[in-house]
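Peer 1: Return a 3D structure for these sequence lines:
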Amino acid sequence: MTDKTVPDIIYTKVDEAPELASASFLPIIRSFASAAGISVGTRDISLAGRIIAAFPDHLTEDQRINDDLAELGELVKTPEANVIKLPNISASGPQLVAAIRELQGQGYALPDYPENPQTDAEKDARARYDAIKGSAVNPVLREGNSDRRAAAAVKRFAQSNPHRMGKWTPESKTEVSSMPGADFFANETSAQLDKATGAKIVLVGADGSETVLKDGLSYPAGTVVDATFMSAKALSDFLEAEIARTKEKGTLFSLHMKATMMKVSDPIIFGHAVRAWLKPVFEKYGDEMKALGVDPSYGMGDLLARVKDKPEIMAEITRVRAERPPMYMVDSDRDITNLHVPSDVIIDASMPALIRGGGKGWGPDGKEHDTNCLIPDNSYAPVYDETIEFFKANGALDPATAGTVQNLGLMAQKAEEYGSHPTTFEIPHDGTVRMILEDGTVLHEHKVEAGDIWRSSSVRKAPVEDWVDLAIERQKATGYRAIFWLDQNRAHDAELIKMVKPILEAKGVADRFEIMAPREATRASLETITKGENTIAITGNVLRDYLTDLFPILELATSAKMLSIVKLMNGGGLFETGAGGSAPKHVQALMETNHLRWDSLGEFCALGESFKFLADARGAPKARLMGEAVEAATQLYLDNDNSPKRKPGEPDNRDSHYWFARYWADALAAQNEDAELAAHFKPVAKALAEKEAQILAEMHAERGKPVDLGGYYHGDPAKTAAVMRPSATLNEIIG
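Peer 2: Sure thing, here's the model as predicted:
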């Protein structure tokens, strides 16, 4: 069980590459922080940890662990919160099932994930597991709005050492394709509540029968509540038409979704794409495949595994795939397609990477090609469409001269679509969905057909007010061009504009801000940074997620190097460390070649901010010195190019931690404000410098060989430590 004492700083235990890096870096943090009297603890929000915590009644006493996510969810509502949050897995269905199987193999008597629960026990297990899927962590911890930007040192380094950009030409066939209508954007309705109320969602059949989809909803006064749906028929027609059009144009077919964060709606959409791609196969063998447990929403990878022993089905799949246009590939060497696993292609990582590469995607032939990028819903697709059109007309962005796009994101208290999981439904039969308030008022009403995807989301008044205040504060501090990305023609955004404008006017700052729809804001932002100037994108929750990958990948080559501060509404601080989208490939490389390319720069940036926050919150001068020394070390880390390198045998994540520790120790030893702290770190700095060759030799002694971590989702701590802390000399110096 977790120690209930709340440490000064909480460092989250997560998954994949970030957690492997923590095995190397966290002991350094703890050692250095303890010299300043600062405690650093951990809380487990990993996928495996969340699974184990959800089933204490199935496990032995030794196997049970505390529900750390629930504990942190309460802590972030207090002024004492100081949490460094690393990227965790937002689990898709296949990832969840794989993690369960791994834990079962390690002796955890967990129930299987029931695809079609029948008994009460199966329904209970399904409910517990479904609560873990998707963005289960972020909405709980994000009790504040987001301030994401490139740290000054990181931006300077990127301009001095510009990364390679793919070439854009006006002749590029790459494009974004979205539904012509009947999507979430077109069908959205929105209203602000003038008083606190309960609500329920019901489906009324043609015969007048009522099915309660969700009851017991509760909203405080001032909440903006949305409702919308996507037509399944229109989606299927769109997918079928785009498959044919892609073949005609001679481009790659690709689908870009967020099947992890949007854990109900997007897997369904993904499943429609799999079904459309293999439509003749489903028409011929649909019943047989269903009997084999095929669920299109799990992707083609799961489908192929289930039918591999059915030669007639496999032959038909081969025939149909040969007739289809070539598909955008995740891994062409292993025939992993865009439609294999829903969590393999995440829009906020896949689209920026394609755009950075000149609009090229990898095809099944192992070569790059222009690509048709399907983003079915029109809510945010215009951002990517306008970016592509801008670069076709103007050429690729120049990272050496480009300005920066900072982001202030509305995300507190499960704001907007990312909080819609409990109120998203695949409609079982034709009828009318109504959201009915406790006084009987019908707030929203949509006529739907079987298979349609209906959802409701909301944002509370207090987070919106906090978001606007944060924008005013940031614009005043920087003087940058500031744009609210809100579309007057979208129902939800229109309601937010009604709230935003009066606040800006009341504070006398309306002339400092612009309000633009996402397409126009995209072009304005690109024009601004192309001139070497800077801008602030003030956005909702999904755009916060998308833009803080898009612009950093264009500016810096990665979003993992972003400074991400969440100013919690009740006074605490949450410091996020960057994106983890490439984490699976990093883990695979480590296991095969003992090389971890993960860059901990995001952790360095978050650590410095966490120390500074602690200094301000507690009046702790040693914490301020620690934070300043972290910033000095980060600058040297960048200036000396100590980031992990690409190829096995070259310096990797563990080397980078040695150099960071050395620079950090040097900075602390050299400061003259705290003689005790300087005296402690002088011998540490001296030893790290004198033992450089020995430490690096020990680190590289086993490189190039496969390693055993004892598990992917739930590794063995001793085995992981042996791999990630291979230098006995460094370990002894750190203590």
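
Peer 1: For the rest of this, base every contact and every neighbour count on C-alpha atoms.
Peer 2: Will do.

Peer 1: Helix, strand, or coil at residue 127?
Peer 2: helix (DSSP: H, G, I helix; E, B strand; the rest coil).

Peer 1: scratch that, residue 445
Peer 2: strand.

Peer 1: do the one 10 residues further on as well
Peer 2: With three-state DSSP as the basis, the three-state label of residue 455 is strand.

Peer 1: wait, it sits on residue 419?
Peer 2: No. Taking Cα atoms under 8 Å as the definition, residue 455 is not a contact partner of residue 419, at 10.3 Å.

Peer 1: Please enumerate the strands of the stretch 101-250 of the chain.
Peer 2: Ranges of strands in the stretch 101-250 of the chain, per DSSP state E, counting those that start in this stretch, are 144-150, 175-177, 189-192, 197-204, 210-219, 224-230.

Peer 1: okay, those in a markdown table with distance to residue 515, mean neighbour count and mean pLDDT next?
Peer 2: Below are the strands of the stretch 101-250 of the chain laid out as a markdown table (distance: least, Cα to Cα, whole Å; neighbours: other Cα atoms under 10 Å; pLDDT from 0 to 100):
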| stretch | distance to residue 515 | mean neighbour count | mean pLDDT |
| --- | --- | --- | --- |
| strand 144-150 | 19 | 26 | 91 |
| strand 175-177 | 24 | 21 | 98 |
| strand 189-192 | 19 | 20 | 98 |
| strand 197-204 | 31 | 19 | 98 |
| strand 210-219 | 27 | 14 | 97 |
| strand 224-230 | 19 | 25 | 98 |
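
Peer 1: For residue 634, which of those strands is the nearest?
Peer 2: strand 144-150 (13.0 Å; Cα to Cα).

Peer 1: if we look at that closest one, which residues are touching it?
Peer 2: Residues outside strand 144-150 that contact it (Cα atoms under 8 Å, 6 or more residues apart in numbering) are 404-413, 463, 466-467, 544, 548, 552, 561-569.

Peer 1: how much space is there between the residue lying farthest from the centre of the chain and residue 571?
Peer 2: Note on the chain: the largest C-alpha distance from the chain mean falls to residue 207, namely 42.9 Å (Cα atoms, centre = their mean). Distance from residue 207 to residue 571, counting by Cα to Cα, to the nearest Å: 52 Å.

Peer 1: Also residue 701?
Peer 2: 47 Å.

Peer 1: between the two, which one's more packed in?
Peer 2: residue 571 (16 against 12; other Cα atoms under 10 Å).

Peer 1: right, and that one touches residue 75 too?
Peer 2: No. Residue 571 lies out of contact with residue 75 (Cα under 8 Å); the separation is 11.0 Å.

Peer 1: And the strand or helix carrying residue 655, what does it pack against?
Peer 2: Residue 655 is part of helix 653-670 when elements are defined by DSSP states H and E. Packing partners of helix 653-670 (3 or more Cα pairs under 8 Å, 6 or more residues apart in numbering; DSSP states H and E): helix 16-35, helix 621-639, helix 675-690, helix 692-700.

Peer 1: Now the longest one: average pLDDT?
Peer 2: The one in question is helix 16-35. If you average the pLDDT over helix 16-35, you get 97.

Peer 1: i'd like the first residue to be 44 from this point on
Peer 2: Right, with 44 as the first residue, what we last looked at is helix 59-78.

Peer 1: now the angle from it to helix 718-733?
Peer 2: Helix 59-78 and helix 718-733 meet at an angle of 130 degrees, taking axes from the mean of the first three to the mean of the last three Cα atoms, to 10 degrees as the criterion.

Peer 1: Now the element after helix 59-78, going C-ward?
Peer 2: Toward the C-terminus, helix 59-78 is succeeded by strand 83-87 as the next helix or strand (DSSP H and E).

Peer 1: strands paired with that following strand, and their directions?
Peer 2: strand 52-56 (parallel) (DSSP bridges).

Peer 1: okay, now the residue lying closest to residue 433 once chain neighbours are set aside: neighbour count?
Peer 2: Leaving out its chain neighbours, the residue that sits closest to residue 433 by Cα to Cα, 6 or more residues apart in numbering is residue 566, at 7.1 Å. Neighbours of residue 566 under the rule other Cα under 10 Å: 15.

Peer 1: CA atoms only for whatever helix or strand residue 566 lives in, dumped as CSV, please.
Peer 2: Using DSSP H and E, residue 566 sits in helix 561-573. The C-alpha trace of helix 561-573 is given here as CSV (Å, rounded to 0.1, in the frame of the first residue of the first chain):
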residue,chain,number,x,y,z
PRO,A,561,-10.1,27.2,-35.9
ARG,A,562,-9.4,27.4,-39.6
GLU,A,563,-8.8,31.2,-39.6
ALA,A,564,-6.9,31.0,-36.3
THR,A,565,-4.6,28.3,-37.8
ARG,A,566,-3.7,30.5,-40.8
ALA,A,567,-3.2,33.6,-38.6
SER,A,568,-0.9,31.6,-36.3
LEU,A,569,1.1,30.2,-39.2
GLU,A,570,1.5,33.6,-40.7
THR,A,571,2.6,35.0,-37.4
ILE,A,572,5.3,32.4,-36.7
THR,A,573,6.5,32.4,-40.3
